[in-house]
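A.B. asks: turn this into a structure:
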Amino acid sequence: MAVERHTWDPDRYLSFADERSRPFLDLVGRVGAVEPARVVDLGCGPGNLTTLLAARWPGAHVVGIDTSPEMVARAEPGPGLEFRVGDLRAWAAEDAPPVDVLVSNATLQWVPGHLDLLADLAARVAPGGWFAFQVPGNFDEPSHTIRRDLAAEAPYAAHTAGVAVPVSHDPEVYLERLAGLGLRVDAWETTYLHVLTGADPVFTWVSGTGARPTLQALPEELRPAFEEEFRRRLRDAYPARPHGVVLPFRRVFVVARDR
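C.D. replies: Below you'll find the predicted structure:
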């Protein structure tokens, strides 16, 4: 979830919970930790995926951290599982015991200059531990370019200039940075073809994540017209088919540990 302070809607975010969970499962499936004692999920959102970490490693103390009070309020703590509001940059700088597994799912793209933060995050992982993260890599797709182009038009540009937008890098960029820290790195990418249903499903998807800061930056008198045009352009870019609307979604995955 976003690191800059915006309000996030857990219900809107969870409207495609199954599709959003697939990259997380693919990421964690490559983490080979057996009996970790401390597990941290940075950018845990509403906590539905963090609970899977607690289920996989029932002997671990699992902590989910997110900057959004709305998301954390939706999370459900349990035995060995806690959630708290916090900024991952502050967490990276904490003088605290190392963790055995550090996971960050679809979060680092919201952190400006996050490539330079990787060393600090990796330093919080215990020797022999695992550092795994996943970020979207689809920012050249119409779901993002349409928003950028429309937000740059009058009368919206005056309100959306400088708004937070997600940014990520290709797998080899992350591999080189972490390998340069002496870590063994597994980096790859996957493009999912999500088949979405419902009214304007791509708008529903992006308005819960990447487009949300832009939408919130607009005054109430401009937002309806922006949303209407945004929906129209998305329908043109992602036409409805008999089986639904297909949203190609590229994701970048990285799993690192000591050599």
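
A.B. asks: ok, residue 200 - contacts?
C.D. replies: By Cβ atoms under 8 Å, 6 or more residues apart in numbering, the contact set of residue 200 is 231, 234-235. In short, each C-beta sits where N, CA and C put it, glycine included.

A.B. asks: who touches stretch 153-162?
C.D. replies: 150-152, 214, 217-219, 222, 226.

A.B. asks: pLDDT on it, on average?
C.D. replies: The average pLDDT for stretch 153-162 rounds to 95.

A.B. asks: before we move on, what about stretch 201-209?
C.D. replies: 90.

A.B. asks: one step back: of the contacts of stretch 153-162 - the most surrounded one?
C.D. replies: residue 214 (23 neighbours; other Cβ atoms under 10 Å).

A.B. asks: can you pick the most crowded of the contacts of residue 200?
C.D. replies: Most neighbours among those, by other Cβ under 10 Å: residue 234, with 24 neighbours.

A.B. asks: surely it and residue 203 touch.
C.D. replies: Yes: the pair residue 234 / residue 203 is scored as a contact, 5.4 Å apart, by Cβ atoms under 8 Å.

A.B. asks: what sits against residue 233?
C.D. replies: With Cβ under 8 Å, 6+ apart as the criterion, the residues that contact residue 233 are 142, 146, 150.

A.B. asks: next one: phi and psi at it?
C.D. replies: Note on residue 233: its backbone torsions stand at phi -70, psi -40 [degrees, to the nearest 10].

A.B. asks: from residue 218, how far out is it?
C.D. replies: From residue 233 across to residue 218, the span is 16 Å (Cβ to Cβ, to the nearest Å).

A.B. asks: what ranges do the helices span in the stretch 1-150 of the chain?
C.D. replies: Per DSSP state H, counting those that start in this stretch, the stretch 1-150 of the chain carries helices over the ranges 10-13, 17-28, 50-56, 69-74, 88-92, 118-123, 142-151.

A.B. asks: mean pLDDT lowest where, among those helices?
C.D. replies: helix 10-13 (a mean of 46).

A.B. asks: noted, bye for now.
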